[in-house]
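K.L.:
using only what follows, build the 3D model:
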Amino acid sequence: KIPKVNFTSIDVSADEKYAVTLSEDSVIRLWDANALIKPTPKPLKEIKILYALEKVKFVPDNSSFAVQNTNNVIILYNLKGEQIAEYVGHSDPIYDFNFSSDSKQLVSSSFDKTFRLWEINGKLIYNYTLHKAAVGKAQFSKDGKYILSCSDDKTARLMPTSIEMVLDKINKEKVRGDVFELSQGYVLPKQKIASKENTNQGIDIVLNKINKEKVRGDIFELNEKELKLYGVK
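P.N.:
Numbers count the residues shown, from 1 in each chain. Below is the predicted model of the structure:
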């Protein structure tokens, strides 16, 4: 039967076949959604966690679900209750997370003033660092090409999700230099130049080329081989 505990979060899969609940006893419970209307339903799986649980969301394709805990980590589980990925990197509590509509990426937002783009397998793609205060929410556009974030610094930012989009802006739309940096919310994170050990700063390499070295247009396009040295595909 349903345990007498305080539930803190619930989500139902888009196909309405499964439900997941989180509770104050730090237990994740996976349910047959149809069974919940019965007098004494039993969970399909119970998973005990060491940390307090905050939020659960199903992946749009209904294949798995993710749970956010108070250890600044998000964990992805399949429908057997097996852990299949984790998203580790935020230095302060996570505010929220969301999936892309194609179920291939996840974006997380945090008190650490960043939001992060991840592959569904847990690999970090980009760490966006322009906000000056906690980032309360980050959400994909329907086509997955942009992330809209909002922060306690009273700003919202629209960010591209791939290096290819930045190159298109430079080489096809002919957007240039500081104009690109400031235009239409296409503000990109400006961090240190990537080292070969750090493969997540491809966008920053592009910005440095545009704004500091003043590389322009198709000349930059010829430097894609250099970007590959830093793990940019």
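K.L.:
now Q139: phi and psi?
P.N.:
Here is the backbone geometry of Q139 (degrees, to the nearest 10): phi -140, psi 140.
K.L.:
229 is where my numbering starts, stick with that
P.N.:
That works, and once the first residue is 229, the last one we named lands at Q367.
K.L.:
neighbours of it, how many?
P.N.:
18 (other Cβ atoms under 10 Å). Bear in mind the C-beta positions are built from the backbone N, C-alpha and C, glycine included.
K.L.:
before we move on, what about the one 3 residues further on?
P.N.:
The local packing count at K370 equals 9, with neighbours defined by other Cβ under 10 Å.
K.L.:
tell me which element the closest residue to R257 other than its chain neighbours falls in.
P.N.:
Leaving aside its sequence neighbours, R257 sits nearest to P271 (Cβ to Cβ, 6 or more residues apart in numbering; 4.1 Å). Secondary structure from DSSP states H and E places P271 outside every helix and strand.
K.L.:
residue contacts, P271?
P.N.:
If a contact means Cβ atoms under 8 Å, 6 or more residues apart in numbering, then P271 has R257, L258, W259 as its contacts.
K.L.:
what of I312?
P.N.:
Contact partners of I312, counting by Cβ under 8 Å, 6+ apart, are S292, L304, Y305, N306.
K.L.:
any idea what the last one is bridged to?
P.N.:
If I follow you right, that is N306. As for beta bridges, N306 partners with S292 under DSSP bridges.
K.L.:
correct me, but it touches S292?
P.N.:
Yes - using Cβ atoms under 8 Å, N306 is in contact with S292, at 5.0 Å.
K.L.:
the contacts of I312: which two are farthest apart?
P.N.:
The most widely separated members of these, counting by Cβ to Cβ, are L304 and N306 (8.0 Å).
K.L.:
who's more crowded, the two?
P.N.:
L304 (21 against 14).
K.L.:
lowest average confidence, helix or strand, in the protein?
P.N.:
helix 405-410 (a mean of 36; mean pLDDT, DSSP states H and E).
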